[in-house]
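**Q** missing the sequence, but the structure's below:
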Ligand code: SF4
């Protein structure tokens, strides 16, 4: 049980090294793994360990194969180079249209709200993203707002990053107020892992702000494994839904984390039992340093078939892959044995 503190303090006291993380979860030092070098050697940019105690408390002590630990512990496998894996796997830099704005899809633009996250996921497709060079400056969103003002075809803004909910409620309110003044904007989508990793981020002030917005506001969280959905995570999401904010979940299919049908069935069941809609199951974006997380597409297709046979249709996420340059994510089609899709 972790002593409850504000989300800001939870960020401050997060574990910041692989060796410290092993110690915190009750694992002995591993001389074969230079954990602190692992994150550095994977790419040109450091991607250091960052893990809040609230998340670590859900890891089974002493279990090196724990699926939550696997997502955050740097390992020397990150140094494996493989053809097809690179620094910008989904072509973000080609979609950078203005400082801090990606405009990839019709009618939607994404603001790189901040470079900061509440956790560092070792498979993250933006683990090497050059936020500073791309113009993502927390608290200076003017160029992003100007771009959206000048493009009347944009009806939806996605706040992403990094994690937009590492921004204070006050700063977020400033950004939302500026966006609400843009008449052609209809929807706001917030992509955040914070409600999962530091559930106390769902403050009363945040709920008031989101529920009183002129914009139809949607929350998209990111959970990959049922053990991530602690009681406090689910109660925060319940409060958000009660406040009128629809909540969707996206997951990444990850080897050794959720590549068994039973795991994803349990995750999706838990989500819909708490009124959260499973949205996407992403095939891994082939980012350098994450080769050891990749699951064959055939395995993913079989898992989706199993989900379909066990769960109602609305509980089955869309299995998708993002291809650089495509105008939308590409669904990975699966077929049942009687041939219907
Ligand atoms: S929270 Fe999201 S953006 Fe941040 S490291 Fe994890 S996957 Fe990447």
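**A** Noted; the coordinates are in hand. Note that the structure is predicted; figures quoted are calculated from it, not measured. Numbering: from 1, shown residues only.
**Q** CA only for contacts and neighbour counts going forward, please
**A** Fine.
**Q** residue contacts, the residue nearest the centre of the chain?
**A** The C-alpha lying nearest the average C-alpha coordinate of the chain belongs to residue 222 (CA atoms, centre = their mean; 4.5 Å). Residues counted as contacts of residue 222 (CA atoms under 8 Å, 6 or more residues apart in numbering) are 191, 192, 193, 196, 249, 250, 251.
**Q** Please flag which of those residues sit within strands.
**A** The members of the contacts of residue 222 that map onto strands under DSSP state E are 191, 249, 250, 251.
**Q** returning to that earlier point: ok, which of the contacts of residue 222 also contact the ligand?
**A** residue 193 (CA under 6 Å from any ligand atom).
**Q** okay, the ones in strands among the contacts of residue 222 in CSV with distance to residue 10 and pLDDT next?
**A** Shown next, in CSV, are the ones in strands among the contacts of residue 222 (distance: CA to CA, whole Å; pLDDT from 0 to 100):
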residue, distance to residue 10, pLDDT
191, 20, 98
249, 23, 98
250, 24, 98
251, 24, 98
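**Q** now, among those, which is nearest to the ligand?
**A** residue 191 (8.2 Å; CA to the nearest ligand atom).
**Q** Could you list the contact residues of the stretch 151-300 of the chain toward the ligand?
**A** So the stretch 151-300 of the chain meets the ligand at 161, 162, 163, 193 (CA under 6 Å from any ligand atom).
**Q** Secondary structure added to those residues, as JSON lines?
**A** Formatted as JSON lines, these follow (DSSP: H, G, I helix; E, B strand; the rest coil):
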{"residue": "161", "secondary structure": "coil"}
{"residue": "162", "secondary structure": "coil"}
{"residue": "163", "secondary structure": "coil"}
{"residue": "193", "secondary structure": "coil"}
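**Q** which element follows the lowest-mean-pLDDT helix or strand in the chain toward the C-terminus?
**A** Lowest on mean pLDDT, DSSP states H and E among the helices and strands of the chain sits helix 35-41, with a mean of 60. Later in the chain than helix 35-41, the nearest helix or strand by DSSP states H and E is helix 53-56.
**Q** what's the average pLDDT for that next one?
**A** Taken as a whole, helix 53-56 has a mean pLDDT of 98.
**Q** Tell me how many other residues surround residue 30.
**A** Residues contacting residue 30 under the criterion other CA atoms under 10 Å number 10.
**Q** oh, I was asking about residue 27
**A** 15.
**Q** Spatially nearest residue to residue 218 (excluding sequence neighbours)?
**A** In this structure, residue 218 finds its nearest non-sequential neighbour in residue 189, 4.8 Å apart by CA to CA, 6 or more residues apart in numbering.
**Q** cool, and residue 214?
**A** The nearest residue in space to residue 214 (CA to CA, 6+ apart) is residue 180, at 6.4 Å.
**Q** Now for the one you found, how many residues are close by?
**A** Neighbour count of residue 180, defined by other CA under 10 Å: 17.
**Q** And it, its phi and psi?
**A** Main-chain torsions, residue 180, degrees, to the nearest 10: phi -60, psi -20.
**Q** distance of it from the ligand?
**A** Per CA to the nearest ligand atom, to the nearest Å, residue 180 is found 25 Å from the ligand.
**Q** right, and that residue touches residue 216 too?
**A** No - using CA atoms under 8 Å, residue 180 is not in contact with residue 216; the gap is 10.3 Å.
**Q** Please read off the pLDDT at the residue of the stretch 201-341 of the chain found nearest the ligand from the model.
**A** Distances between the stretch 201-341 of the chain and the ligand by CA to the nearest ligand atom are smallest at residue 222, namely 7.5 Å. pLDDT for residue 222: 98.
**Q** what are the phi and psi angles of it?
**A** According to degrees, to the nearest 10, residue 222 has phi -140, psi 100.
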